[in-house]
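A.B. asks: turn this into a structure:
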Amino acid sequence: MTTATRSTEVEGGQPPIAETLPQPKYERLPLGPLKTVHVFWIAGMSCDGCTISVAGATNPGIEGLLTGTVPAMPKVILHHPVLSVEAGASFIQSFKDAHAGALGAPYVVVFEGSVPDERIAARTGGYWCAMGSELIGGEAEGGDHHDHPVPTTEWLRRLAPGAAATIAIGTCATWGGIPAAEGNPTGSMSVMDFLGKDYRSAFGLPVINIPGCAPQGDNFTETVFAILLFLQGLGPLPSFDELGRPAWLFKETVHQGCTRAGYYEEGLFAKHYGDGECLVEIGCWGPVVNCNIVKRGAINHMGGCMRAGGVCIACTMPGFPDKFSPFYVQPPGAVFSSFASRTTGAVIRRMRRLSNREASREPRWDVTHEVPSGWAHVQAQTLVDKTIHYFYNVWQMWGAKAPGRPRGSEERFWGVDRPGRPSDYIDDSATLHDREKGDER
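C.D. replies: Presented below is the predicted three-dimensional model:
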């Protein structure tokens with residue numbers, strides 16, 4: 001059983017914070033196959049946005065995990081303070097059984113919201129977040145019958161050591177988030193800060209972090225799916241980065257997957273909300289934020305901050321919110337990067353317009369000098385266009401075979417001939433007539 005020690009000094013004069021010691025033996029439970037896995041969802045300083053987000057997940061959906069219909073997955077029994085059917089003592093009993101080791105199946109702890117410092121509230125006889133109640137002190141020995149709420153922080157301390165995995169969902173749980181912002185009265189912190197760097201689950205896993213405010217629901221269910229495959233003994237341990245995030249989900253920045261990134265490259269920036277260009281100059285932190293919200297969408301692969309016209313306020317990052325305040329103001333670094341982008345983008349943008357205009361013409365139109373569109377007058381190829389296209393085409397075809405059938409290759413017509421005469425076509429490819437003229441000569 002894991003024991004806790006108390007440090008003697010805490011910055012700011014706060015009471016000491018419990019630190020979980022490393023487990024003497026990391027893997028204390030056998031790897032699968034498993035028929036059932038319990039999930040104990042505990043809420044700290046939370047708005048329940050993570051619950052709502054996960055309830056909308058589709059790949060896989062939470063209902064597939066709960067019913068056991070996802071192939072190779074054990075059936076998940078969810079103990080959630082809002083979604084569970086049980087209530088009161090019958091709901092809390094499963095938590096007590098897990099703590100006592102009497103559950104009869106592995107379990108996973110999912111913590112939503114920041115972990116408050118309950119000792120601050122306890123000084124005045126109160127609490128920040130609690131779930132269930134129990135008798136304390138001498139009251140259980142015949143004194144006045146008085147139940148005391150059990151803080152969710154205490155449930156985390158009790159259940160984390162025996163859990164197959166401990167998952168922090170949402171930025172509040174992963175990094176502290178808004179409840180841990182400067183000036184907060186609760187002393188809130190992340191699950192990782194509370195349990196300590198030496199924490200390991202019963203399967204030898206550190207805290208797994210899935211940030212976001214709220215997180216993308218599929219990020220959570222996909223990670224749970226990958227972890228359950230590992231617990232089943234059917235797959236390797238998923239790849240996590242140095243902060244415990246799923247590496248395949250949080251490797252790239254928002255900017256790298258943003259649908260507006262092309263505007264940044266060309267030096268085009270939005271001036272007002274609702275504009276379609278890059279949002280960096282009106283407060284978007286996307287270039288330095290690890291998140292896949294634009295690529296994956298918010299729910300059912302639709303929406304997402306930048307897709308909907310909103311700026312990235314870096315809600316997935318450990319420094320949120322303090323290091324990214326004030327919101328909706330151009331980041332200082334964007335002053336330099338956007339200036340460089342404007343300088344190079346002005347040239348790149350014009351060169352691409354020339355290439356786009358050339359690519360928007362059929363080869364036939366270059367020969368006929370006419371664009372037969374009835375929708376609007378489209379300018380035919382100009383002398384400048386022809387000159388640029390000539391040198392561009394030479395470079396493009398350097399060392400490559402140009403399209404068509406060059407003269408002198410009439411004998412290699414893939415077993416067939418191109419019928420007719422040159423006047424029948426608008427290009428310069430060789431025809432049978434050209435070979436016949438060569439024979440006559």
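A.B. asks: quick one: Asn393 from His369, how far?
C.D. replies: To His369, Asn393 is 18 Å away according to C-beta to C-beta, to the nearest Å. C-beta coordinates here come from the backbone N, C-alpha and C atoms, glycine included.
A.B. asks: more neighbours: which of the two?
C.D. replies: Under the neighbour definition other C-beta atoms under 10 Å, Asn393 and His369 were set side by side, and Asn393 has more, 12 against 8.
A.B. asks: list the buried ones in the helix or strand harbouring that one?
C.D. replies: Secondary structure assignment for Asn393, by DSSP states H and E: helix 383-396. Residues Asp385, Ile388, His389 are the ones in helix 383-396 that count as buried (16 or more other C-beta atoms under 10 Å).
A.B. asks: what's in contact with that helix?
C.D. replies: Outside helix 383-396, the residues within contact range by C-beta atoms under 8 Å, 6 or more residues apart in numbering are Leu354, Ser355, Arg357, Glu358, Asp366, Gln381.
A.B. asks: show me where the stretch 1-150 of the chain has strands.
C.D. replies: Using DSSP state E, counting those that start in this stretch, the strands of the stretch 1-150 of the chain run over 4-6, 18-20, 36-43, 75-79, 107-112, 130-135, 147-151.
A.B. asks: for stretch 195-203, how far is the first residue from the last?
C.D. replies: Terminal residues of stretch 195-203 are spaced 16 Å apart (C-alpha to C-alpha, to the nearest Å).
A.B. asks: identify the residues contacting Ser201.
C.D. replies: Taking C-beta under 8 Å, 6+ apart, we find Ser201 in contact with Ala160, Pro161, Ala163, Ala164, Ala165, Thr166.
A.B. asks: the second one - that's part of a strand, no?
C.D. replies: The one in question is Pro161. No. If the criterion is DSSP: H, G, I helix; E, B strand; the rest coil, then Pro161 is helix and not within a strand.
A.B. asks: now Pro211: how far from Ile92?
C.D. replies: Where Ile92 is concerned, Pro211 sits at a distance of 29 Å (C-beta to C-beta).
A.B. asks: which of the contacts of Ser201 are buried?
C.D. replies: Buried residues within the contacts of Ser201, counting neighbours by 16+ other C-beta under 10 Å: Ala160, Pro161, Ala163, Ala164, Ala165, Thr166.
A.B. asks: which two of those have the greatest separation?
C.D. replies: Greatest spacing in the buried ones among the contacts of Ser201, by C-beta to C-beta: Pro161 and Ala165 (12.1 Å).
A.B. asks: wait, Asp428 sits on Pro403?
C.D. replies: No. Using C-beta atoms under 8 Å, Asp428 and Pro403 do not qualify as a contacting pair, with a distance of 10.6 Å.
A.B. asks: what's the span of stretch 284-297 from first residue to last?
C.D. replies: 17 Å.
A.B. asks: if I pick Pro406, what's in contact with it?
C.D. replies: Ser429, Ala430.
A.B. asks: mind listing what's buried along stretch 106-120?
C.D. replies: Neighbour counts using 16+ other C-beta under 10 Å place 106-118, 120 of stretch 106-120 among the buried residues.
A.B. asks: give me the helix or strand of this structure that scores worst on average pLDDT.
C.D. replies: For the chain, scoring each helix and strand by mean pLDDT, DSSP states H and E identifies strand 4-6 as the least confident one, at a mean of 43.
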